[in-house]
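In: sequence and predicted structure are below.
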Amino acid sequence: MRRILLVMTVLAGLVIATVPAAADSLVVRTDAGAVRGFAAGPVMRFDGIPYAKPPVRDLRFASPRRPVPWSGVRDATAPGPRCAQARGVSTELSYDEDCLYLNVTAPRAAKRKPVLVWIHGGGLVNGDGAYYDATRLAAQGDVVVVTINYRLGVFGLLAHPELGDAGGNFGLEDQTAALRWIQRNIRAFGGDPGNVTVAGESGGAFSTCALLASPRTVGLIDKAIMESGTCSVYFPENSVLPGLGEARLVAPRTATEQLGVATAEQVGCATLECLRRDVEVEEWVDSGLVNSAAQLSYDTRFLPVNPVGHARPVPMIVGSNRNELRLLAAFAVQLGFPLDDASVQRLFDDTYGEDAEEVRARYPIGDGPHAAAVAWAQATTDQGFACSTLADARTYRGPVYAYEFADPNAPMVTGGPTVPDFPFGAYHGSELLSLFWEPPGNAEQQELAGQMVQYWTRFAHTGNPNGPGLPAWPRFDGNTAQSLKPGAVGPIDADDQHQCGFWL
């Protein structure tokens, strides 16, 4: 389990924050007190604003509470601590449970602008909102961007019999508390609380999917963007690492409670009171048990039903990357797992059994460096990501715009695997470089980055990504997705591209 979660850490958090120097101070009043931010080029920034009380002591493994008001003006020029987590591929460990903070980036002189709420990825066990530089989205897209922290791992996901149907989804409840904070306060930052788009990638997209199925978020989400993580997306057997079973991020409470009891036993606790009072955060983190709960729970108060197929009908952008799981294949190679021809043939046999011959025929091993690993990664990508995303998109009742990020030469993010001559393609998380930070690569890649910022923010304005000067993006018809490929943006048949007639 720990090896699974170590690798899943890379699934969305492989980036480094950029924090500009503070310039002109700005003061904005929230319902808990005034905050002082700063102007940074074309935007104004307010970092480290508390949206809930610290979830410590009696509030550990409990629903979030509104923040305690303060007097005077609170400094909002630095992000709050990242939530408690083990060290990841590109994230430092943290022992902070006092971590429920958000960051607001807004255009200068903003007034009733659309609000884009970013839920970070990291497999629900790593990451934080401050990794993501929202300057380009806010300035070029004319939107107010809110990035948030939420409880991770065992602190955000623990289910336990003593919690009953209140357990299992504290991280989702944190995200909902941030959305409620936005309803109460975002006008003061120039945002429109009646036009809120929730967006996320990987674990953040899973979260977005679950939020759309919860009765607790009615009226808080007007539109949604899910990147590489609808509720049916999963990691097929052997795809995280050879020898490991399939991994899903949503499970019934009966299963997550069993995991919670086993976790409690490992830290010597038989009661919830013991888990809250007698286990120090350092013990959770240093032992790796902070990662022991890595699934959202349904049959709960927050998620009464399995969220698959139960999203409310709001406009959506939904999609995945063409070569998602090449990233994990490269990590497997880096860790010493053989993915040569013979090893991959055995993986096909072990994973697909009597269907192995047909899968091999559909995903033949070609020529070039790491060809066997590439064939294996594409089969599991199509099965777990591309076709699962397509299946979910077909259930959504609101207007849907599907995409596939398809840059064959996407730059590698900080912290990624270093495997010589490995063709990473459009790997998991690679589209983030086009939305945040400075656009990477050559002129065509930079043009695509600009187009993606326009698509995402036009959607936040209107519920439709199309706009002047952009290649037309057709509404989803059950098969058609927009290929986001440098120099070749346009519609494709996603079902055909990923052999979904076979997988679904």
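Out: Received, thanks.

In: and the protein, what are its domain boundaries?
Out: Per the record, the chain has its domains at 2-227, 316-503, by automatic domain parsing.

In: just those domains: most buried one?
Out: By mean neighbour count, with neighbours taken as mean count of other Cβ atoms under 10 Å, domain 2-227 ranks first of the domains of the chain at a mean of 22. From N, CA and C alone the C-beta is placed, and that goes for glycine too.

In: of the domains of the chain, which is nearest Asp286?
Out: Of all the domains of the chain, it is domain 2-227 that lies closest to Asp286, at 8.2 Å by Cβ to Cβ.

In: okay, now the unreliable bits of the protein?
Out: Across the chain, the ranges flagged by pLDDT under 70 are 1-25, 89-90.

In: ok, now with 80
Out: Within the chain, the stretches with pLDDT under 80 are 1-25, 88-91, 110, 414.

In: in it, which helix has the most residues?
Out: If you go by DSSP state H, the chain has its longest helix at helix 443-462.

In: which helices and strands sit right next to it?
Out: In this structure, helix 443-462 packs against strand 113-119, helix 135-141, strand 191-201, strand 223-227, strand 316-321, helix 432-435, strand 480-484, with contacts taken as 3 or more Cβ pairs under 8 Å, 6 or more residues apart in numbering; DSSP states H and E.

In: need the contact list for Val85.
Out: Quick fix: residue 85 reads Gln, not Val. Gln85 is in contact with 91, 93-94, 122, 125-127, 152-153, 285, 290, counting by Cβ atoms under 8 Å, 6 or more residues apart in numbering.

In: mind running it again at 7 Å?
Out: By Cβ atoms under 7 Å, 6 or more residues apart in numbering, Gln85 lies in contact with 91, 93-94, 125-126, 152-153, 290.

In: which strand residues bridge it?
Out: Beta bridges link Gln85 to Ser94 when assigned by DSSP bridges.

In: you'd agree Val27 is in a strand?
Out: Yes. Applying DSSP: H, G, I helix; E, B strand; the rest coil, one finds Val27 inside a strand.

In: correct me, but it touches Phe38?
Out: No. If you go by Cβ atoms under 7 Å, Val27 and Phe38 don't touch, sitting 10.6 Å apart.

In: hmm, back to that, and which of the contacts of Gln85 is nearest to Leu100?
Out: The closest of those, once distances to Leu100 are taken by Cβ to Cβ, is Leu152, at 11.5 Å.

In: how close does that closest one sit to Pro474?
Out: According to Cβ to Cβ, to the nearest Å, Leu152 stands 37 Å off from Pro474.

In: likewise Val413?
Out: Counting by Cβ to Cβ, the gap from Val413 to Pro474 is 30 Å.

In: and if you look at Ala406?
Out: Where Pro474 is concerned, Ala406 sits at a distance of 16 Å (Cβ to Cβ).

In: can you give me the end-to-end span of stretch 478-487?
Out: 25 Å (Cα to Cα, to the nearest Å).

In: please apply the same query to stretch 216-234.
Out: This stretch, stretch 216-234, spans 25 Å end to end (Cα to Cα).

In: and the helices in the stretch 51-200 of the chain, which stretches?
Out: 135-141, 153-157, 170-185 (DSSP state H, counting those that start in this stretch).

In: so who does Ala410 touch?
Out: Counted by Cβ under 7 Å, 6+ apart, Ala410 has contacts 424, 426-427, 430.

In: could you rerun that using 10 Å?
Out: Applying Cβ atoms under 10 Å, 6 or more residues apart in numbering, we find Ala410 in contact with 321-323, 424-427, 429-434, 440-441, 445, 448, 486.

In: again with Gln482
Out: 317, 319, 401-406, 455, 465, 471-474, 476, 489-492, 494.

In: okay, and the beta partners of it?
Out: Under the criterion DSSP bridges, Gln482 forms beta bridges with Tyr403, Pro491.

In: distance of it from Leu328?
Out: With Cβ to Cβ as the criterion, Gln482 and Leu328 are 25 Å apart.

In: I'd assumed Glu357 was in a helix, is it?
Out: Yes. Counting by three-state DSSP, Glu357 is found in a helix.

In: and it, how far is that from Asp349?
Out: 9 Å.

In: now do Ser232
Out: The gap separating Ser232 from Asp349 is 25 Å, by Cβ to Cβ.

In: beta-bridge partners for Pro107, please?
Out: Counting by DSSP bridges, Pro107 is bridged to Val43.

In: for it, give me its contacts.
Out: Counted by Cβ under 10 Å, 6+ apart, Pro107 has contacts 42-44, 113, 138-145, 190.

In: try it again at 7 Å.
Out: If you count contacts by Cβ under 7 Å, 6+ apart, Pro107 has them with 42-43, 113, 138-139, 142.

In: between the residues you listed, which is nearest Ser388?
Out: The nearest member of these to Ser388, counting by Cβ to Cβ, is Ala138 at 31.8 Å.

In: wouldn't that closest one be in contact with Asn103 here?
Out: No. Using Cβ under 7 Å, Ala138 is not in contact with Asn103, being 11.1 Å away.

In: what residues sit buried inside the helix or strand Asp286 falls within?
Out: Element membership for Asp286 (DSSP states H and E) is helix 281-287. Buried residues in helix 281-287, counted by 16 or more other Cβ atoms under 10 Å: 281, 284-285.

In: for the helix or strand following it, packing partners?
Out: Past helix 281-287, further along toward the C-terminus, the next helix or strand under DSSP H and E is strand 296-298. When contacts are defined as 3 or more Cβ pairs under 7 Å, 6 or more residues apart in numbering; DSSP states H and E, strand 296-298 packs onto strand 250-252, helix 253-266.

In: again, only using 10 Å
Out: Applying 3 or more Cβ pairs under 10 Å, 6 or more residues apart in numbering; DSSP states H and E, one finds that strand 296-298 makes contact with helix 153-157, helix 170-185, helix 203-212, strand 250-252, helix 253-266.

In: ok, that strand: who's next to it in the sheet?
Out: Partners of strand 296-298, by DSSP bridges, with direction: strand 250-252 (parallel).

In: what about the partner strand, distance to the chain center?
Out: 17 Å (Cα atoms, centre = their mean, to the nearest Å).
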